[in-house]
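Asks: Need a 3D model of the sequence below.
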Amino acid sequence: MDLSRYSKARRASSYILEAAAAVAICYFVLGGSRWSAGVWAIFTVVVVAIVTIRMLYDVGAMTEREHLRWDLVFQFIATAVVFVAGIWQQSLWLLGFALVLGWFWLDSWRTHRKLFPPSRPQE
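Replies: Next comes the predicted model:
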């Protein structure tokens, strides 16, 4: 039995479980039962994109730098969506959660900048 293939299949299963947990949390905790079909479609596309990016990184089709950059993008999108939802719903709880997410995103962004400083054009 090829252990590396089993490990990749196991990771793929865990991603599916994480996506299912995200759907359940959104539906039961964040009021997803009142979301429109369009919002659910956007949510599904984002979840599929996250799983795809993680799988590409796991199989070696993406560098660590690319993977971390995508993580920053998804963290920013999540923070922005929660912030806008907090304003839309006039919820201090969601706005506070958005601030916490923003703090984590800022820390991740600083770490990314330290690990991969922007390249300067040659003069």
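
Asks: I87 and L17, how far apart?
Replies: Using C-beta to C-beta, to the nearest Å, I87 is found at 32 Å from L17. In short, each C-beta sits where N, CA and C put it, glycine included.

Asks: How about I50?
Replies: As judged by C-beta to C-beta, I50 and L17 stand 13 Å apart.

Asks: Out of these two, name the residue with the larger neighbour count.
Replies: Neighbour comparison, I50 and L17: the larger count goes to I50, with 19 against 10 (by other C-beta atoms under 10 Å).

Asks: what residues are up against Y27?
Replies: Y27 is in contact with S33, counting by C-beta atoms under 8 Å, 6 or more residues apart in numbering.

Asks: Could you look up the SS state of F104?
Replies: Following DSSP: H, G, I helix; E, B strand; the rest coil, F104 is assigned to helix.

Asks: can you check the one 10 residues further on too?
Replies: At K114 the chain is in helix, as set by three-state DSSP.

Asks: So what's the residue count around it?
Replies: Quick note: K114 (other C-beta under 10 Å) scores 8 neighbours.

Asks: Secondary structure element holding the residue nearest the centre of the chain?
Replies: Ranked by distance to the mean C-alpha position of the chain (C-alpha atoms, centre = their mean), the top residue is F74 at 4.1 Å. Using DSSP states H and E, F74 sits in helix 64-89.

Asks: Thank you, goodbye.
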